[in-house]
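Asker: predicted structure and sequence below. I'll ask about it afterward.
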Amino acid sequence: MRRLLCYIAAMVATVAAAAQTSLDFASKFMQLCTEDTAVHCVTISPSMMEQLTKQPGAARDEAMAEAIEKLKSARIITASVHGADYYKRAESLLKDNPQRFRHAQDYRSAHAYGTFYVRQTTSGDTVELVMIHTDTKAGSMVIVNLTGDIDRDFIRSLTKSIAGRTARA
């Protein structure tokens, strides 16, 4: 009986360890670009994001601040050259994993375009949001990869914010 319990405990620990090693999209994309010096990744902790919203002069959006509190991580990948090529590579990686990521929404302006993908649990909760953006005029690309408890209002607010900025730029 003890052997059986030890065996079950070892299996549970192995499954838990494997679940924790699941990589987010940013990690997978950066693995594709390990030798590429034009691509950079920055990770921002939730406490740092919270501090940014509390800075004097920062526009205080209560809904956005509440949403930020639910995030586990934010990773930002940038490339200042060949943005369209990196955009295609990132979108291809997302499309190659349809069991994990689902296309959510696109946006387009005169000199920029982007798309959103989400990863959801079996119960339908969004746990990862990937936004890919490229500026065709500047030739740059940005990927924002958020993980945590991401609700529809957060996605809607983020989409409006980005669409508004690309239209003004």
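Answerer: That came through fine.
Asker: just give me the residue closest to the centre of the protein.
Answerer: The residue lying closest to the centre of the chain (Cα atoms, centre = their mean) is Asn145, at 1.4 Å.
Asker: pLDDT of whichever strand or helix holds that one, averaged?
Answerer: Using DSSP states H and E, Asn145 sits within strand 140-150. On average, the pLDDT along strand 140-150 is 92.
Asker: and the residue nearest to the centre of the chain, how far from Ala38?
Answerer: Remark: distance between Asn145 and Ala38 (Cβ to Cβ, to the nearest Å) = 18 Å. Placement of C-beta: from N, CA and C, glycine included.
Asker: same deal with Asn97?
Answerer: 24 Å.
Asker: kindly report the same for Thr134.
Answerer: 14 Å.
Asker: neighbour count: the two, which is higher?
Answerer: Neighbours per residue, other Cβ atoms under 10 Å: of Thr134 and Ala38, the larger number sits with Thr134, 26 against 14.
Asker: my guess is the more buried one meets Thr115, correct?
Answerer: No - judged on Cβ atoms under 8 Å, Thr134 makes no contact with Thr115 at a distance of 9.7 Å.
Asker: Ser27 - that's part of a strand, no?
Answerer: No - counting by DSSP: H, G, I helix; E, B strand; the rest coil, Ser27 falls outside a strand, being helix.
Asker: Asp85 versus that one, what's the distance?
Answerer: The value you get for Ser27 to Asp85, if Cβ to Cβ is used, is 20 Å.
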